[in-house]
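>>> kindly generate the corresponding structure for this input.
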Amino acid sequence: MIALGCDHGGYNLISAIKKYLDENNIEYKDFGTYSTESVDYPIYAYKVATAVASGEYEYGVLCCGTGIGISIAANKVKGIRAAVVSNEFGAEMTRRHNHANILCMGGRVTSEEDAVKFTDIFLNTPEEGGRHDKRLAMLEQIENGTFSE
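Coordinates of the predicted model:
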């Protein structure tokens, strides 16, 4: 199941993504916001990130005006690898190489059509192991304060 969240700047993208998920019978929970009225993005980043980090949801999609602020907030939650993408290659590689578990996009910089396309790629790209596993282990060490070269 997919966890969705946005602030007012990403509301249009989440609405388009929900339509895509509905059309493809992909289950999701929308953690809000539910309008274009101004809200604080960390609230929704936290809701989605904690839901994904707990294992209750496999992936998350977060949208704000640029995708940047909401990704920074989500990445503060242990176990989250949230990535802002702006093209198809980024949507693929963030899953394939970085095993990202939250996709972030910006409603002021990404079209609804592209957001749906990036979401589809993100959800359907398998993780690649090998040399990437070592790097992901290093990220976990950084997160846990145990990293050393």
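
>>> all helices of this protein, in order?
Counting by DSSP state H, one finds helices in the chain at the ranges 11-23, 41-53, 68-74, 88-96, 112-124, 131-144.

>>> buried ones in the fifth one, by neighbour count?
Applying a neighbour-count criterion of 16 or more other Cβ atoms under 10 Å, one finds 112, 114, 115, 116, 117, 118, 119, 120, 121, 122, 123 buried in helix 112-124. Placement of C-beta: from N, CA and C, glycine included.

>>> tell me which residues are up against the helix or strand of the chain with the lowest mean pLDDT.
None of the helices or strands of the chain scores lower by mean pLDDT, DSSP states H and E than helix 131-144, at a mean of 88. Helix 131-144 is contacted from outside by 78, 79, 81, 96, 97, 98, 99, 147, 148, using Cβ atoms under 8 Å, 6 or more residues apart in numbering.

>>> what's the farthest-apart pair in these?
96 and 148 (27.3 Å; Cβ to Cβ).

>>> residue contacts, residue 67?
Going by Cβ under 8 Å, 6+ apart, residue 67 touches 10, 84, 85, 86, 104, 105, 106, 109, 110.

>>> closest one of those residues to residue 128?
For the contacts of residue 67, the nearest to residue 128 is residue 85 (16.8 Å; Cβ to Cβ).

>>> quick one: contacts for the nearest residue to the closest one once chain neighbours are set aside?
Counting by Cβ to Cβ, 6 or more residues apart in numbering, residue 91 is the residue found nearest to residue 85 once chain neighbours are left out, at 4.7 Å. By Cβ under 8 Å, 6+ apart, residue 91 lies in contact with 85, 103, 117, 118, 119, 121, 122, 125.

>>> quick one: low-confidence parts of this structure?
Along the chain, segments meeting pLDDT under 70 are nowhere present.
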